[in-house]
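S.K.: Below is the structure, and that's it, no one-letter string:
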């Protein structure tokens, strides 16, 4: 080769030529993804009539893509966003720094004492289902789990101690009796 061309550069690549992961197939996958935002690799493989593994290789190696799960966020409408901007501007323009230090933000939150369980994040590697069950592969859950409400406030200088409500509902009398003394400190 060096004698023929004067260099070690190959005129054609060695090895078996790509059949499925060709430039045309990569371009087809890229165009398909541009048209459809959400498509599974399994569905894409069946629509393009190639294996799922080849689709994953094209997506990951050739196009440099990664699969992501959807994140859950609070739904903010345009009205919510406008109210937040109005509140921030009102505080910024109508209050002095000393006055903003007296603002108190509070929040109540209900917690399930059984905790949250996400099967996606808790995998057990075993030979079969029986072995999995032996390794505590079953998550038991109460039909009506016990819940606890927690209250907390935050201000410029500190965070208040948590107030925990184990039983009953939080009405105005209970709020005055149990939360206001903590908020005043």
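M.R.: That came through fine. Because the structure is a prediction, the values reported are computed rather than measured.

S.K.: Output the longest helix belonging to the chain.
M.R.: In the chain, taking DSSP state H as the definition, the longest helix is helix 78-94.

S.K.: Pull out the buried positions in that helix.
M.R.: For helix 78-94, a neighbour-count test (16 or more other C-beta atoms under 10 Å) marks nothing as buried. For every residue, glycine as well, the C-beta is placed using N, CA and C.

S.K.: which residues are contacting it?
M.R.: 100, 103 (C-beta atoms under 8 Å, 6 or more residues apart in numbering).

S.K.: try stretch 24-41
M.R.: 44, 47-48, 50, 52, 55-56, 58-59, 62-63, 65, 67.

S.K.: Kindly recompute the last result at 7 Å.
M.R.: For stretch 24-41, contacts defined as C-beta atoms under 7 Å, 6 or more residues apart in numbering pick out 44, 48, 52, 55, 56, 58, 59, 62, 63.

S.K.: what are the ranges of the helices in the chain?
M.R.: 2-5, 23-35, 41-48, 52-57, 78-94, 97-100, 129-134, 172-174, 180-184.

S.K.: Reformat the contacts of stretch 24-41 as CSV; add distance to residue 137.
M.R.: Shown next, in CSV, are these (distance: C-beta to C-beta, whole Å):
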residue, distance to residue 137
44, 32
48, 37
52, 27
55, 31
56, 28
58, 35
59, 31
62, 38
63, 37
